[in-house]
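Undergrad: Sharing a sequence plus its predicted fold:
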Amino acid sequence: MPHPSRLERAMELYLQCQDGELDPEQVLAGHDDLRDLLEMLLRPEPAAEEADSPRAIGDFELLRELGRGGMGVVHEARQRTLGRRVALKVLAADVSADPTRIARFRREASILARLEHPHIVRVFDAGENDGQHWLAMELVDGETFAQRLERQRRAGGHREGSLRQAVEIVAAVATALQHVHEQGLLHRDVKPSNVLLGADGRVLLSDFGLARGETAPELTRTGLLAGTPDYLAPEVLSSGTMTAASDIWSLGVMLYEAITLVRPFAGATDAAIWRQVAQQDPVDPRRRQPGLSKDLAAITLKALEKKPAERYATMAAFAADLRAFLDLRPTAARPLGPLRKLRRWLRREPLRASLAAAVLLLASLAAFLLVRLPLLRAGERAARAEVYEAAIAEGFVRRGDGQRELATRAAQRALALRPDAGEAMVVSALVKLRFENPTAALQELDRLTAAPHDDDDACQRLRALILGRLQRTAERDALLAQLGEPATQMGLLLAAGLLVEQQTPANIEAARRLISLATRLAPPRLLVHGQWATLAGPAERDECVAALQRLWPRHPFALHLAAKHVQWSDPSRAFELQREALRLGLQDPFGHYNLAAYADKSGHVPEAIAAAEVAMADPLLPEAQRPGVLQIFTDHAPEKVESALRTWQRLHPESALAERERGRALSLAGDHAQAIAVLRALHERAPGEAEVCFLLAWALQNGREWAASNDAVERLLELAPADRRAHQLRLRALDALAGEPAAVIAELRRRASAAPDDAEAWRELAERLLDAEQPEDRAEALRAAQRADACRDGQDRDALALLVRAHLALGESASAAEAEARLLALESAAEGR
């Protein structure tokens, strides 16, 4: 039987709705704790005609009901024309005649259409069929944040890793709300039940039914406050005023609930909750969750300041502080000190405060700090050291991966934390060497090492490496002779780097031994193990990956590296590692891009598509990676290609690369005329781009415009004489137009001459010459087959088969038998493997 206070509250609200004082929709949306009772009262069993409602609405086949809310019903549905599953929100029949409700429903669709963000649920379409208003949205397989928190309550509290995951979820929602605010909007109903958690690890903010512009009225038409009472800010309760700071408060309540599993303010009635919100400070979350980080508690309490001006200035600042906490960096929010606590108490209880009490408190505080200060400083030093380690490792790895901006930021972060660290100076100069030139790197190293620093050995080894790049070999050799054997981990890494400069098998093996030695020096460092995995051969790569997992089992960047290094040998394992890294909060522009690639390689097609959608919507993903993302849609979800291209062009409005890929996609889809128009315009703007020229020639051939295609092929050959695709296009045209065999052979000769190391070009020339059966061509056919065989070091079965055939055509039976014996031996060896 329900608790009487809940039933009484539900009945009171129901009667107010019946009298027209309150809006049923707002009552349902704003009282999650009473929803079971209110739905029985406000939404009785559907009438017979509603129970027999059609199983389709327009283009959508209804599969199952997912849930009911204040506005209507959400179904899982299948869009028949595109074959995709969606979440279809349908306006309830009893409110579909209300113009205000319809306008609100349409406003939600309009707002969602404006918001494109990896952590905001996407809207596909909206419309009306036979009086039924609907909104088609992204379907998320998983649960709500509220459901997850309830499971954790029932399980008795947080388990290993679950608290960090909860903070990561709130951080993701903060970035989504930051985007909402940047569009001049407020969400106005931030709470765990409006956050969807996908089984693939995605976090999506949903339900924008109450969202408004920042200047829109705050009250509903009945005077009921928008939002859920437990999550409403003090200023909303006192004056009805809603601003971005109100969303910050609501997210602060969600954060408090996420880390403690209780809400900061509780009461039997809304009025009791509101009194607490207005008059009481929340209990320090560390009292509810022993062992909680003081920085996380400070972030939570800053978001729950009574005065809006004392909260975070923007949602971006809130998101940045959450990210800093997760990355083990210093946070802007500081724990509430004794003096601030005293001021709060004096303000709240002025009659009970006295100067003596204040003096006593201050004296106690001084004694406390005297005892605790050394411990506090030690903890701060340890945290800074951990952040520094992560920055050094990230700078080194990002540099190797070609991520200039991220590598630069990591190097700057390391130098800011330890300005005297020689290895931080090394990483900063290495970034210059990778992305600028050796001269700039040497200048950077000279500038930094002019100040006092440690690990001069590493700095000098980098100097030697740069001198080698500048062809100042005598200076390099003299410096290395002075240095002797490396003794530090960074010194060993740089010594390995010097060896790798000369790409010989012996040098690479020696470099591996040096880095392996570095891994055995204490303490274990992510920087060193990351480089070990990069240089490791196939035999020891599994050992490297296992070490990364064993030493840093919950470090997202370590798992990201592990996935990267196992992707070719075990793409399924790479997929699982990358998914776990993202679940643990990996913040990397390549995060979902890599997940999509690994999922694609390992056959997890739905996951590949979902990750590709997140990657394409990420503004930080480098544009060079976007064609790879688009390829996943082309291969597995062609209906999503156009949407992906729109996202790309929204993020890069002037992008020639996006236009190029649009042309490719149009040609693949069979729209050759439009593809030709797009690519021709792009070619006119950038006539020196070989890839555009190739795609234009290809599209022209697909459109059967052979003469224009030949012109484009000629231009491509001027730009890239060795581009085999140009010769293939020319051969395709000759074959299509029934060209003379002599013209085909002339083109093959041209192709082979332009690419003398291309075995395929020589093979095809030999084959065509033999097929022509002209006696004068047989000797040339033999020479072409011999060149193909030499290009592949005698390991190409097709080249050997042509060699046998050419010798026989010339009547050289002994040579043919010798070539045939080689072919049989090669086939036998292949079968043995």
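TA: Perfect, thanks for sending it.
Undergrad: For this protein, which segments are assigned as strands?
TA: Using DSSP state E, the strands of the chain run over residues 56-57, 60-68, 72-79, 84-91, 123-129, 132-138, 142-144, 185-186, 195-198, 203-205, 212-213.
Undergrad: for the fifth one, packing partners?
TA: Applying 3 or more CB pairs under 8 Å, 6 or more residues apart in numbering; DSSP states H and E, one finds that strand 123-129 contacts helix 99-114, strand 132-138. Using the backbone N, CA and C atoms, a C-beta is placed for each residue, glycine as well.
Undergrad: Same check on the longest one?
TA: Packing contacts for strand 60-68, counted by 3+ CB pairs under 8 Å, 6+ apart, involve strand 72-79, strand 84-91.
Undergrad: Figure out which of these is closest to residue 129.
TA: Taking CB to CB, strand 84-91 is the member of the helices and strands packed on strand 60-68 nearest to residue 129, at 9.9 Å.
Undergrad: what's that closest one in contact with?
TA: The contact list for strand 84-91, computed with CB atoms under 8 Å, 6 or more residues apart in numbering, reads 57, 60, 62-63, 66, 71-79, 101-102, 105, 124, 132-140, 639.
Undergrad: Select only the buried ones of these in PyMOL?
TA: Provided next is the PyMOL selection string for whichever of those are buried by 16 or more other CB atoms under 10 Å:
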select buried, resi 57+60+62+71+72+73+74+75+76+77+78+79+101+105+124+132+133+134+135+136+137+138+139+140
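Undergrad: what residues are up against residue 57?
TA: Residues near residue 57 by CB under 8 Å, 6+ apart: 77, 88, 90, 129-130, 132, 134.
Undergrad: follow-up on the earlier one: just put the helices and strands packed on strand 123-129 in TSV and tack on distance to residue 564 and mean pLDDT.
TA: Conversion of those to TSV gives the following (distance: least, CB to CB, whole Å; pLDDT from 0 to 100):
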stretch	distance to residue 564	mean pLDDT
helix 99-114	35	77
strand 132-138	28	88
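Undergrad: Of those, which is nearest residue 655?
TA: Of the helices and strands packed on strand 123-129, the one closest to residue 655 (CB to CB) turns out to be helix 99-114, at 21.4 Å.
Undergrad: Kindly export that closest one (C-alpha atoms) in PDB.
TA: Taking only C-alpha atoms (Å, rounded to 0.1, in the frame of the first residue of the first chain), the coordinates of helix 99-114 have been written out as PDB:
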ATOM      1  CA  PRO A  99      -3.100  23.900 -29.900                       C
ATOM      2  CA  THR A 100      -0.800  24.800 -27.000                       C
ATOM      3  CA  ARG A 101       0.300  21.200 -26.500                       C
ATOM      4  CA  ILE A 102       0.900  20.800 -30.300                       C
ATOM      5  CA  ALA A 103       2.900  23.900 -30.400                       C
ATOM      6  CA  ARG A 104       5.000  22.700 -27.500                       C
ATOM      7  CA  PHE A 105       5.500  19.300 -29.200                       C
ATOM      8  CA  ARG A 106       6.600  21.000 -32.400                       C
ATOM      9  CA  ARG A 107       8.900  23.300 -30.500                       C
ATOM     10  CA  GLU A 108      10.700  20.300 -29.100                       C
ATOM     11  CA  ALA A 109      11.300  18.900 -32.600                       C
ATOM     12  CA  SER A 110      12.500  22.300 -33.800                       C
ATOM     13  CA  ILE A 111      14.900  22.700 -30.900                       C
ATOM     14  CA  LEU A 112      16.300  19.200 -31.300                       C
ATOM     15  CA  ALA A 113      16.800  19.800 -35.000                       C
ATOM     16  CA  ARG A 114      19.000  22.800 -34.100                       C
END
